[in-house]
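Enquirer: just need the structure, nothing else, for what follows:
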Amino acid sequence: MRFGCVLGLIALFLLGCRGNREQKEAIPSTVTQTWIPRYAKGFYVEQTQSGVDYLYIKSPWPGSTKTFRYALVPGAELKEYQRDLHAVDGVIGIPAKRVILTSTTHVPALETLNVHETLVGFPGLQYISSEGTRKRMASGEVQELGANENLNTEMVVALDPDLVVGFGVSGAPSAYKTLEASGIPVVYNGDWMEENPLGKAEWIVFFGLMFGKQEAAIKAFEDVEKAYLEARSLAAGAANTPTVLSGSLYRDIWYLPGGKSWAAQFIADANAEYLWRDTDETGSLSLSLESVLEQGAEADFWIAPSQFKRYVDMEEAEVHYRQFRAFRERNIYTYALSQGPGDGLWYYELGPSRPDLVLKDLIYWFHPGLLKNYEPFFFKPLQ
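Expert: Next up, the predicted model:
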């Protein structure tokens, strides 16, 4: 139903209606279909008969109990909708034309969907490795915006984006609240909270929704899913199951993946035995050197030893590393050698969206000869 604004008490009653501008009474709310991801647990979509989608983001950071709800409105008339009638956390015009991202893990999705030209700003440009986006950075089409926790809100407002794709570590950064107060919607991306490698990758559909490319995003994910499952099936037939150690010391604390984490799942799917697989943590464990030595001294392989690239650097940092068999037999593999053109690492940027490549890397090293004619992309032997 449409109605015009009039003077007096009626104008006061119709909040947000200005001049002679018409405004829709409500964002359509009759749900005709619900799309639920196969693996991702952090989002889902409700579709209405009018073409408006409702995007739900669940627990985008640890301890969050709120489910965020966004209305994705097709066309250029989103300002005709009253934002408060259906208790949404943001109204976003689809397809988005100008976006700001806050994590390098978001960049590959834009390039896969061929919408990287929509990116106009990012905090920490030096960490982006993707070629197409770096070309736009070089030409000044993507602006530097500071850091996620201290986003330059004045520059963001000046760029006039359709939305900001943000994330929170322990809550909503104060800069996001400032942007929302300025009328810029901030959509929380919780891909980093997913524990399943395919769950992280499925967040490409989140981006597909923003650009009116949901079907293309689903197809891109299904290609990754197919490659991942084929690799996992191949690894399951390997003759042996090697033992695996991970992480390294930092200020006398050894940080390594918890048994229910994304990283631990990769090891299991590569048909290897992660020595801390029985722990319940979904993030990282914090252990002593003595504890790790007791359990992992005879591990067949050691992966992801922090940022180390060379054995000599590891030995200089901690002489006790020599007590691990994987160190002595030169069976350590790192992602730190796969660095992009800037300061970023491909593993952090591309790994979440291409778990099939991560898995194949591990299978290649854990089960020599099983993957023929494959060249590892992320994990390479420590120098």
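
Enquirer: residues contacting the residue positioned nearest the centre of the chain?
Expert: By C-alpha atoms, centre = their mean, the chain has its centre lying nearest to Asp191, at 4.0 Å. Under the criterion of C-beta atoms under 8 Å, 6 or more residues apart in numbering, the neighbours of Asp191 are 40, 42, 105, 200, 203, 206, 352. C-beta coordinates here come from the backbone N, C-alpha and C atoms, glycine included.

Enquirer: convert the C-alpha atoms of whichever strand in the chain runs longest to PDB, please.
Expert: In the chain, taking DSSP state E as the definition, the longest strand is strand 67-74. Taking Å, rounded to 0.1, in the frame of the first residue of the first chain, the C-alpha atoms of strand 67-74 are listed here in PDB:
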ATOM      1  CA  THR A  67      20.800 -13.100  15.700                       C
ATOM      2  CA  PHE A  68      21.100 -10.200  13.300                       C
ATOM      3  CA  ARG A  69      18.500  -9.700  10.700                       C
ATOM      4  CA  TYR A  70      18.900  -7.800   7.400                       C
ATOM      5  CA  ALA A  71      16.400  -7.000   4.700                       C
ATOM      6  CA  LEU A  72      17.900  -7.300   1.200                       C
ATOM      7  CA  VAL A  73      15.700  -5.200  -1.000                       C
ATOM      8  CA  PRO A  74      16.000  -5.400  -4.900                       C
END
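
Enquirer: elements contacting it?
Expert: strand 53-58, strand 90-94, strand 186-188 (3 or more C-beta pairs under 8 Å, 6 or more residues apart in numbering; DSSP states H and E).

Enquirer: Ser130 is nearest to which of those strands?
Expert: strand 186-188 (20.6 Å; C-beta to C-beta).

Enquirer: parallel or antiparallel, list what pairs with that closest one.
Expert: Using DSSP bridges, the strands paired with strand 186-188 are strand 163-166 (parallel).

Enquirer: run the chain-centre distance for the partner strand.
Expert: When C-alpha coordinates are averaged (C-alpha atoms, centre = their mean, to the nearest Å), strand 163-166 and its chain have centres 13 Å apart.

Enquirer: skip ahead from that strand and say which helix or strand is next.
Expert: helix 174-181 (DSSP states H and E).

Enquirer: which elements pack onto that following helix?
Expert: Applying 3+ C-beta pairs under 8 Å, 6+ apart, one finds that helix 174-181 contacts strand 150-151, helix 153-159, strand 163-166, strand 186-188.

Enquirer: quick one: mean pLDDT for it?
Expert: In this model, helix 174-181 carries a mean pLDDT of 89.

Enquirer: again with stretch 144-151
Expert: Stretch 144-151 comes out at a mean pLDDT of 82.

Enquirer: Leu365 against Tyr333, yeah?
Expert: Careful, residue 365 is Trp and not Leu. Yes - between Trp365 and Tyr333 there is a contact at 5.4 Å, judged by C-beta atoms under 8 Å.

Enquirer: who touches both of the two?
Expert: 301, 303, 379, 381.

Enquirer: so which of those sit within strands?
Expert: 301, 303, 381.

Enquirer: residues in contact with the first one?
Expert: Spelled out, it's Phe301. 242-245, 272, 326, 331-333, 365-366.

Enquirer: low-confidence regions, this protein specifically.
Expert: Counting by pLDDT under 70, the low-confidence segments of the chain come to 1-29, 76-86, 148.

Enquirer: domain assignment for it?
Expert: 26-218, 237-381 (automatic domain parsing).

Enquirer: would you list the ones you listed in JSON lines and tack on distance to Lys226?
Expert: Listed next are those as JSON lines, based on distance: least, C-beta to C-beta, whole Å:
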{"stretch": "domain 26-218", "distance to Lys226": "11"}
{"stretch": "domain 237-381", "distance to Lys226": "8"}
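
Enquirer: figure out which of these is closest to Ala227.
Expert: Nearest of those (C-beta to C-beta): domain 237-381, 3.8 Å.

Enquirer: just the endpoints, please. Distance across the closest one?
Expert: By C-alpha to C-alpha, to the nearest Å, the extent of domain 237-381 from end to end equals 24 Å.

Enquirer: ok now it, how far from the chain's centre?
Expert: The answer for domain 237-381 is 20 Å, by C-alpha atoms, centre = their mean.

Enquirer: for the remainder of this discussion, apply numbering that starts at 14.
Expert: Sure thing, new numbering starts at 14, so read that last one as domain 250-394.

Enquirer: closest one to Glu157 out of the ones in strands among the shared contacts of Trp378 and Tyr346, please.
Expert: For these, the nearest to Glu157 is Ile316 (33.2 Å; C-beta to C-beta).

Enquirer: now the angle from the one helix or strand Ala229 maps to to strand 103-107?
Expert: In this assignment (DSSP H and E), Ala229 forms part of helix 227-249. Counting by axes from the mean of the first three to the mean of the last three C-alpha atoms, to 10 degrees, helix 227-249 lies at 100 degrees to strand 103-107.

Enquirer: mind listing what's buried along helix 227-249?
Expert: Buried residues in helix 227-249, counted by 16 or more other C-beta atoms under 10 Å: 227, 229-231, 233-234, 237-238, 240-241, 244-245, 247-248.

Enquirer: what lies in contact with it?
Expert: 48, 51, 122, 125-126, 210-211, 214-215, 217-218, 220-222, 282-284, 366-369, 372-373, 376, 379-380, 383-384.

Enquirer: among those, which are located in strands?
Expert: Trp48.

Enquirer: make a ChimeraX selection of the buried ones in the contacts of helix 227-249.
Expert: To isolate the buried subset of these in ChimeraX, counting by 16+ other C-beta under 10 Å, use the following:
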select :122,125,126,210,211,214,215,217,218,220,221,222,282,283,284,366,367,368,369,372,373,376,379,380,383,384
